[in-house]
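Asks: below: sequence and its predicted model.
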Amino acid sequence: MARFRWTSPLAQVIAVGFICFCCPGMFNALNSLGGGGQVDSKVGQNANVALYTCFAIFGLLSGAIHNKLGPKWTIFIGCSTYVLYAGSLLCYNHTQAGAFTIAAGGLLGVGAGMLWTAQGAIMMAYPREKDKGKFIGYFWAIFNCGAVLGSVIAFAINFHVTEVKSLGDSTYIVFIVLMAIGTLIALSLVPPSAVTHSNGDRIQIQEFPTWTGEIVAVMKLFLDWRMIVLIPMFLSSNWFYSYQFSTVNGFYFSTRTQSLNNIFYWFSQIGGSWTFARVLDYQGVNRRTRALWGLAVVTVCFVCTWIGGVFFQRTYNIHDSMGNHDFKEGASYIGPLFLYMFYGLNDAAWQTYCYWLMGALSNDVAVLSRYAGFYKCIQSSGGAIAWRINAVKAPFMTELIICFALLAASIPGALFLSLRIKDHSDDVSGVDNVGHKHEIMEKADQKSEYPV
């Protein structure tokens, strides 16, 4: 049996998965209830606008922060803001202090930018090229188990609540404790320079230049054609959350049914990411072919699902009663549940594909941290706009059409890049992610796997 090594790439990615299980996973469970579990969803919606606005700004800057501080402190600081945000919702239950919750949402945007940039760099840079999809699948499965557990907790605590009602204090307290645990796990992460593969090879890392040099490198991403063509895909990748969580789940279903729906939603994400990642890592064809296969799969999936969403959305509108549908309705509940599950599956496949495409462009931790920060910047800009549209009570069908149109607009750019994907990443050094020529790496890959 292989010796356990905390400094192995897989161990570090799994550790980050458990950190995100506790922090973003629990946040997703809260956020997918609509309004953070509050009856007055406007406060939660405005907190999300603040969150994604700050996320967009600091997502872009977080690549430089990560490259200077390293993953341990970048993730630790980021995780601490999740605890603060959950605490603000607990406070709101007693004080109705919406300003505190909105401010906490803004701070969470700063922290989330740091956390997700570091996470993206680790997930894309630590594995060998042939295993990038597998590592993304590992991470996404563990991370979304957190949202599943959070939804189970919310469902269990609120099982007897049939009307629309704010979550109780006990639910928020459980989430705060779990987020605090994830924050502490971050302190166990090792620096990239200490991470080694089973044969002793190290991860490729560019030396941190200067703050000015780092910022210039980040800003040059806006001139990089590979990032430019992916902007529509990045923009759309979180845009639909406000529609799915607030307009569909938050408005249509009762409180306890929202929690039940989220169990299936996040569980579908686990299956969607894991299965799709295996397709992207299939070694029987070259990487360009896998990129095209992946794009075809996500395109067919989202088109079929969102057409189904159009038919469902025609059954209710913003003027109807809120939260009057419960899982105990029986057969009439099954159709909307399956639609919501496919929304989750599509989200996982879409984001897995985004990360895989970026991971196919480089193997360097510093470079990929900038890519991840750029991705989160554009993604969060879309999220901020979408949550604002939701907060001002736009017609539900209008929200859906915008989501659908943005997803469709992403396809040409993704296709343009997919046709130009190479079998090996072109890094500045001309070497692979562990410092060897590609021919040497191919031999090493045949001899070793990834013992943790």
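Replies: Structure received. Residues are numbered from 1 along each chain as shown.

Asks: low pLDDT regions in this protein?
Replies: Applying pLDDT under 70 to the chain flags residues 1-4, 33-41, 161-167, 206-209, 426-452.

Asks: just to check, residue 221 is in contact with residue 374?
Replies: Yes. Judged on CB atoms under 8 Å, residue 221 makes contact with residue 374 at a distance of 4.7 Å. C-beta: built from backbone N, CA, C; applies to glycine.

Asks: could you count how many residues lie near residue 222?
Replies: Using other CB atoms under 10 Å, residue 222 has 12 neighbouring residues.

Asks: that one contacts residue 228, doesn't it?
Replies: Yes. If you go by CB under 8 Å, residue 222 and residue 228 touch, sitting 7.4 Å apart.

Asks: give me phi/psi at residue 253?
Replies: Residue 253 adopts backbone torsions of phi -110, psi 160, taken as degrees, to the nearest 10.

Asks: for residue 254, see how far away the residue lying closest to it once chain neighbours are set aside is.
Replies: Spatially, and ignoring its direct neighbours in sequence, residue 253 is nearest to residue 325 (5.2 Å; CB to CB, 6 or more residues apart in numbering). Residue 325 sits 7 Å away from residue 254, going by CB to CB, to the nearest Å.

Asks: with residue 137 instead?
Replies: 33 Å.

Asks: which residues in the stretch 151-300 of the chain form helices?
Replies: According to DSSP state H, counting those that start in this stretch, the stretch 151-300 of the chain carries its helices in the segments 169-185, 211-219, 225-228, 231-236, 241-242, 251-252, 255-280, 287-313.

Asks: mean neighbour count and distance to residue 87 added to those helices, as a markdown table?
Replies: Rendered in a markdown table, the data for the helices of the stretch 151-300 of the chain read as follows (neighbours: other CB atoms under 10 Å; distance: least, CB to CB, whole Å):
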| stretch | mean neighbour count | distance to residue 87 |
| --- | --- | --- |
| helix 169-185 | 19 | 6 |
| helix 211-219 | 15 | 32 |
| helix 225-228 | 16 | 36 |
| helix 231-236 | 22 | 31 |
| helix 241-242 | 26 | 22 |
| helix 251-252 | 23 | 26 |
| helix 255-280 | 23 | 21 |
| helix 287-313 | 17 | 35 |
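
Asks: now distance to residue 398 too, for the ones you listed, in TSV please.
Replies: TSV is the format used below for the helices of the stretch 151-300 of the chain (distance: least, CB to CB, whole Å):
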stretch	distance to residue 398
helix 169-185	32
helix 211-219	34
helix 225-228	28
helix 231-236	16
helix 241-242	12
helix 251-252	14
helix 255-280	23
helix 287-313	10
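
Asks: of all the ones you listed, which one is nearest residue 62?
Replies: With CB to CB as the criterion, residue 62 lies closest to helix 211-219 of those, at 9.4 Å.

Asks: relative to the whole chain's centre, how far out is the closest one?
Replies: Distance of helix 211-219 from the chain centroid (CA atoms, centre = their mean, to the nearest Å) equals 25 Å.

Asks: only alpha carbons, please: show it as PDB.
Replies: What follows is helix 211-219, C-alpha atoms only, in PDB (Å, rounded to 0.1, in the frame of the first residue of the first chain):
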ATOM      1  CA  TRP A 211       3.700  43.800  -7.000                       C
ATOM      2  CA  THR A 212       3.900  46.000 -10.100                       C
ATOM      3  CA  GLY A 213       5.000  43.100 -12.300                       C
ATOM      4  CA  GLU A 214       2.300  40.900 -10.900                       C
ATOM      5  CA  ILE A 215      -0.400  43.500 -11.500                       C
ATOM      6  CA  VAL A 216       0.800  44.100 -15.100                       C
ATOM      7  CA  ALA A 217       0.700  40.300 -15.700                       C
ATOM      8  CA  VAL A 218      -2.900  40.200 -14.500                       C
ATOM      9  CA  MET A 219      -4.000  43.200 -16.600                       C
END
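
Asks: can you start the count at 59 instead of 1 from here on
Replies: All right, first residue 59 from here; so that's helix 269-277.

Asks: other SSEs contacting it?
Replies: helix 99-127, helix 423-449 (3 or more CB pairs under 8 Å, 6 or more residues apart in numbering; DSSP states H and E).

Asks: so for residue 373, which of these sits nearest?
Replies: Counting by CB to CB, residue 373 lies closest to helix 423-449 out of the helices and strands packed on helix 269-277; the figure is 19.1 Å.

Asks: return the set of buried residues in the next helix or strand after the closest one.
Replies: Using DSSP states H and E, the helix or strand that follows helix 423-449 in sequence is helix 454-476. The neighbour-count check on helix 454-476 (16 or more other CB atoms under 10 Å) flags 454, 457-458, 460-462, 464-465, 468-469, 471-472, 475-476 as buried.

Asks: who touches helix 454-476?
Replies: 284, 286-291, 293-294, 297-298, 300-301, 305, 309, 346, 349-350, 352-353, 357, 360-361, 364, 367-368, 371-372, 374-376, 408, 411, 415, 440, 444, 447-448 (CB atoms under 8 Å, 6 or more residues apart in numbering).

Asks: run a quick neighbour tally on the closest residue to residue 314 other than its chain neighbours.
Replies: With CB to CB, 6+ apart as the criterion, residue 314 has its nearest non-adjacent residue at 4.8 Å, and that residue is residue 216. Neighbour count for residue 216, taken as other CB under 10 Å: 24.

Asks: tell me, how many residues neighbour the nearest residue to residue 327 once chain neighbours are set aside?
Replies: Sequence neighbours aside, residue 406 is the residue nearest to residue 327 in space, at 3.9 Å (criterion: CB to CB, 6+ apart). Using other CB under 10 Å, residue 406 is surrounded by 26 other residues.

Asks: how near is residue 406 to residue 174?
Replies: Per CB to CB, residue 406 is found 15 Å from residue 174.

Asks: with residue 345 instead?
Replies: On the measure of CB to CB, residue 345 and residue 174 end up 25 Å apart.

Asks: residue 449 too?
Replies: 23 Å.

Asks: which one of these two has more residues nearby?
Replies: The neighbour count for residue 449 versus residue 174, taken as other CB under 10 Å, is higher for residue 174 (23 against 19).

Asks: tell me which helix or strand the more buried one sits in.
Replies: Counting by DSSP H and E, residue 174 is part of helix 156-183.

Asks: quick one: that helix to helix 99-127, angle?
Replies: 40 degrees (axes from the mean of the first three to the mean of the last three CA atoms, to 10 degrees).

Asks: return the set of buried residues in helix 156-183.
Replies: Buried residues in helix 156-183 (16+ other CB under 10 Å): 156, 158-183.
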